[in-house]
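K.L.:
when you get a sec, could you give me coordinates for this:
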Amino acid sequence: MLNPKTAPRGGQKPVDLPSSRQSPAADSLNTKDMRRILGSSLIGSIIEYYDFILYATAASLVFDRVFFANLGPGLSLFASFATLAAGYVARPLGGIVFGHFGDRLGRKQMLVLSMLMMGGATVLIGLLPTTAQIGVAAPIVLVLLRIIQGIAVGGEWGGATLMALEHAPAKKRGLAAAFANAGGPAGGLLATLAVSAVSALTGDQFLVWGWRIPFLLSAVLILIGMIIRLRVAETPVFQKLDAEAAKIKHPPLMEVLRHHPRLVLVTLVATLGFYACQGLLTVWGVSMAVGSGVDRSGVLNWKGVAAVVTVAVCFYSARLSDRIGRRAVLAGAGVAAILLAFPLIMLLTNGTLWGFAVAVVIGNGLVQGALAGPIGAYISEQFPTGVRYTGASLSYQGASMIGAGFTPMIATGLVLAAGGGVWMVAAFWIVVLAAGLAAVRLTREGSRLKLDAV
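P.N.:
Numbers count the residues shown, from 1 in each chain. Now for the predicted structure:
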């Protein structure tokens, strides 16, 4: 295995690997190789989250009538959302499994595998016979396919983030890593648009066969993503580590739990504020708004607008974190969220479309976008290269399971406990955000560190 300097050829002087180049291009993301790498992270994440969030949309509109209709209206919707939750529970498992092999075999191979798993599961959902056709086997297979989706997206984030982060020049790592995070809201927006378009085109046939089209379209998206990802090289940081990695006796998960348990816990708590925003504003908030009589189409349209704002703010805050530090940006966004928590929750639940629009654009678009920008680089920079895929995935996906998977249920329970009042939800949100602020303060600033020296 080569050392950080590549072997000289034909009398040429040794040249540095991309992580330590001396040329002006080394400080730029606007090179041919970096554009390909960033495009791979962004497009791959968009495709994977399109598939993952497409299921969420179908679970609320279709699956209760197609796979659980025999359970009755209320119970069928609950069962449909239970299959949705299965995907979030599986995400940490995906982070562990893909992290293990990503730290041992490389980032690129795991990204290709995660995309194939996600695309295969999504297309199979589009082809799955209904309960009326094959009986109880249909919902069982549906749950298994959803678990595969969860495992795949759990492995996707770590690989996509590290592929961009570890290729990028030191002063641009935050912006580079944001390309993977921006894929989440962008993929969700694409899924919403696909379902809306197909619903309008197929009309009454949407529940019969039209809902399958967005799932089957995943095959085309996966093909595009695979072509892009197969052209991207392994990261230079991992290549330098390759020889040393072979000497590590313990699996990466054991190394993380043995030597870095505090880092996993602290970065998980720091990330909870980001996912609490998502769970409260785009899941629980949507349910509360529609349940109080707000027009469903209007709610979805404003949710789409907020997603666009989220992507734009995500890139801006990531770029800002490269200048002033990850912790400063995360702390600023966290303080803003704490100050806005009560007003946003009240607007979200006041039973008007304008109230929901203001709350979701500010809360989801501005606040969550500001938290999303630096979070990928912030977590990844805390862990050593040899266990970075595993450690970062474990904390991030654990936060996704708790924050996005359980926050809507917690909020619903708090409303019931408060006799219909929503003030307890705002108080809960503030507690989560305050804990995240404290966690950020307990970690080091990673934007100035060399990745191979972490």
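
K.L.:
which one is Leu449 nearest to, not counting chain neighbours?
P.N.:
Spatial nearest neighbour of Leu449, chain neighbours left out: Glu381 (6.1 Å); criterion: Cβ to Cβ, 6 or more residues apart in numbering. (Glycine included, C-beta is placed from N, CA and C.)

K.L.:
thinking that neighbour is in contact with Ser447, fair?
P.N.:
Yes - the criterion here is Cβ atoms under 8 Å, and Glu381 meets it with Ser447 at 7.0 Å.

K.L.:
find the residues that touch each one of the two.
P.N.:
Arg173, Arg326 (Cβ atoms under 8 Å, 6 or more residues apart in numbering).

K.L.:
quick check: Leu416 vs Val422, distance?
P.N.:
Leu416 sits 11 Å away from Val422, going by Cβ to Cβ, to the nearest Å.

K.L.:
those two: which is more packed in?
P.N.:
Neighbour comparison, Leu416 and Val422: the larger count goes to Val422, with 19 against 11 (by other Cβ atoms under 10 Å).

K.L.:
run a quick neighbour tally on Val66.
P.N.:
A count of nearby residues for Val66, using other Cβ under 10 Å, gives 23.

K.L.:
need phi/psi at the nearest residue to it once chain neighbours are set aside.
P.N.:
Take Val66 and drop its neighbours on the chain: the residue closest to it by Cβ to Cβ, 6+ apart is Thr130, 5.1 Å away. The phi/psi pair for Thr130 (degrees, to the nearest 10) reads phi -80, psi 170.

K.L.:
Val294 too?
P.N.:
phi -70, psi 140.

K.L.:
just checking, it touches Leu353?
P.N.:
Yes - under the criterion of Cβ under 8 Å, Val294 makes contact with Leu353 at 5.2 Å.

K.L.:
out of those two, which sits in the more crowded spot?
P.N.:
Comparing Val294 with Leu353 by other Cβ under 10 Å, the one with more neighbours is Val294, at 21 against 16.

K.L.:
wait, what's in contact with that one?
P.N.:
Applying Cβ under 8 Å, 6+ apart, we find Val294 in contact with Gly351, Thr352, Leu353, Phe356.

K.L.:
what separation is there between it and Val286?
P.N.:
With Cβ to Cβ as the criterion, Val294 and Val286 are 9 Å apart.

K.L.:
try Gly325
P.N.:
34 Å.

K.L.:
got a list of what Ile125 touches?
P.N.:
Counted by Cβ under 8 Å, 6+ apart, Ile125 has contacts Tyr55, Leu142, Leu145, Arg146, Phe215.

K.L.:
tell me how many other residues surround Leu175.
P.N.:
Leu175 has 24 nearby residues by other Cβ under 10 Å.

K.L.:
ok, Ala417 next?
P.N.:
The number of residues packed near Ala417 is 10, by other Cβ under 10 Å.

K.L.:
any idea how far it lies from Ala359?
P.N.:
Remark: distance between Ala417 and Ala359 (Cβ to Cβ) = 22 Å.

K.L.:
same deal with Val425?
P.N.:
12 Å.

K.L.:
the helix or strand harbouring Trp429 packs against which elements?
P.N.:
Secondary-structure element containing Trp429, defined by DSSP states H and E: helix 423-441. Here helix 423-441 touches helix 261-278, helix 326-348, helix 407-417, going by 3 or more Cβ pairs under 8 Å, 6 or more residues apart in numbering; DSSP states H and E.

K.L.:
looking at those helices, which is closest to Glu156?
P.N.:
With Cβ to Cβ as the criterion, Glu156 lies closest to helix 261-278 of the helices and strands packed on helix 423-441, at 16.0 Å.

K.L.:
SS state for the residue nearest the centre of the chain?
P.N.:
The C-alpha lying nearest the average C-alpha coordinate of the chain belongs to Gly184 (Cα atoms, centre = their mean; 5.1 Å). In three-state terms, and counting by DSSP: H, G, I helix; E, B strand; the rest coil, Gly184 is helix.

K.L.:
I'd say it and Tyr49 touch.
P.N.:
Yes - Gly184 lies in contact with Tyr49 (Cβ under 8 Å); the separation is 4.9 Å.

K.L.:
can you name the next helix or strand after the helix or strand of the chain with the lowest mean pLDDT?
P.N.:
Among the helical and strand segments of the chain, the one scoring lowest on mean pLDDT, DSSP states H and E is helix 236-245, with a mean of 57. Next along the chain after helix 236-245, taking DSSP H and E as the criterion, comes helix 252-259.

K.L.:
how many residues are close by Ile140?
P.N.:
So Ile140, with other Cβ under 10 Å, has 12 neighbours.

K.L.:
quick one: it and Ala79, what's the gap?
P.N.:
Noted for Ile140: a distance of 12 Å to Ala79, by Cβ to Cβ.

K.L.:
what does Ala427 give?
P.N.:
According to Cβ to Cβ, Ala427 and Ala79 sit 31 Å apart.

K.L.:
settle it for me: which of those two has more neighbours?
P.N.:
Ala79 (19 against 15).

K.L.:
surely that one and Leu71 touch.
P.N.:
Yes - taking Cβ under 8 Å as the definition, Ala79 is a contact partner of Leu71 at 5.9 Å.

K.L.:
hang on, the earlier thing: out of the contacts of Val294, which one sits closest to His167?
P.N.:
Distances from His167 to the contacts of Val294, taken by Cβ to Cβ, are shortest for Phe356, at 39.8 Å.

K.L.:
tell me the contacts of that closest one?
P.N.:
Applying Cβ under 8 Å, 6+ apart, we find Phe356 in contact with Gly285, Ala289, Val294, Gly298, Val299, Trp302, Leu347, Leu348.

K.L.:
check the burial of the first one by counting its neighbours.
P.N.:
Using other Cβ under 10 Å, Gly285 has 26 neighbouring residues.

K.L.:
now it: how far from Gly376?
P.N.:
In terms of Cβ to Cβ, Gly285 sits 24 Å off from Gly376.

K.L.:
kindly report the same for the last one.
P.N.:
Per Cβ to Cβ, Leu348 is found 27 Å from Gly376.
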